[in-house]
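Novice: Dropping a prediction and its sequence here:
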Amino acid sequence: METVQLKQQVKEQIVKFLNLTTVQPHDIKDEEPLFGEGLGLDSIDSIELIVMLSREYGIEIQDPKEGRKILVNVNTMVDYIEKNRTK
């Protein structure tokens, strides 16, 4: 899968897995922070994203520090998925 397609897929999964009723995938910018001032996600959302990475891509994140580096924005997530996916 090409990077552009994977970015779109990840955006769709973020909306679906986090049940974001007021956000559409096209609303999420690649460089927009997922937490805080950006998309405004919280720590519960980060757990859901980690579960999503496990289910959809076979990626297991054990270290919270590693998770913080991966879940910065769509670009960092996609980069990590491309390098580490098992599915």
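Specialist: Good, I have the coordinates.

Novice: how distant is the helix or strand hosting Arg68 from the center of its chain?
Specialist: According to DSSP states H and E, Arg68 maps onto helix 64-70. Helix 64-70 has its C-alpha centroid displaced from the chain centroid by 12 Å (Cα atoms, centre = their mean, to the nearest Å).

Novice: And for that helix, what's in contact with it?
Specialist: 46, 50, 53, 61, 76-77, 80 (Cβ atoms under 8 Å, 6 or more residues apart in numbering). All C-beta atoms are positioned from the backbone trio N, CA, C, and that covers glycine.

Novice: let's see it at 6 Å
Specialist: 50, 61, 76, 80 (Cβ atoms under 6 Å, 6 or more residues apart in numbering).

Novice: which residue sits closest to the last one in space, ignoring its chain neighbours?
Specialist: Right, the one you point to is Tyr80. Nearest non-adjacent residue to Tyr80, counting by Cβ to Cβ, 6 or more residues apart in numbering: Ile70, 4.6 Å away.

Novice: how about stretch 6-23 as PDB, C-alpha atoms only?
Specialist: What follows is stretch 6-23, C-alpha atoms only, in PDB (Å, rounded to 0.1, in the frame of the first residue of the first chain):
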ATOM      1  CA  LEU A   6      -2.100   4.400   4.200                       C
ATOM      2  CA  LYS A   7      -2.500   7.900   5.500                       C
ATOM      3  CA  GLN A   8      -6.100   8.000   4.400                       C
ATOM      4  CA  GLN A   9      -6.700   4.600   5.900                       C
ATOM      5  CA  VAL A  10      -5.200   5.600   9.200                       C
ATOM      6  CA  LYS A  11      -7.300   8.800   9.300                       C
ATOM      7  CA  GLU A  12     -10.500   6.700   8.600                       C
ATOM      8  CA  GLN A  13      -9.500   4.300  11.400                       C
ATOM      9  CA  ILE A  14      -8.800   7.100  13.900                       C
ATOM     10  CA  VAL A  15     -12.400   8.400  13.200                       C
ATOM     11  CA  LYS A  16     -13.900   4.900  13.400                       C
ATOM     12  CA  PHE A  17     -12.000   3.500  16.400                       C
ATOM     13  CA  LEU A  18     -12.300   6.700  18.500                       C
ATOM     14  CA  ASN A  19     -15.900   7.200  17.500                       C
ATOM     15  CA  LEU A  20     -15.200  10.900  16.500                       C
ATOM     16  CA  THR A  21     -18.700  12.000  15.500                       C
ATOM     17  CA  THR A  22     -17.700  15.600  14.700                       C
ATOM     18  CA  VAL A  23     -14.600  14.800  12.700                       C
END
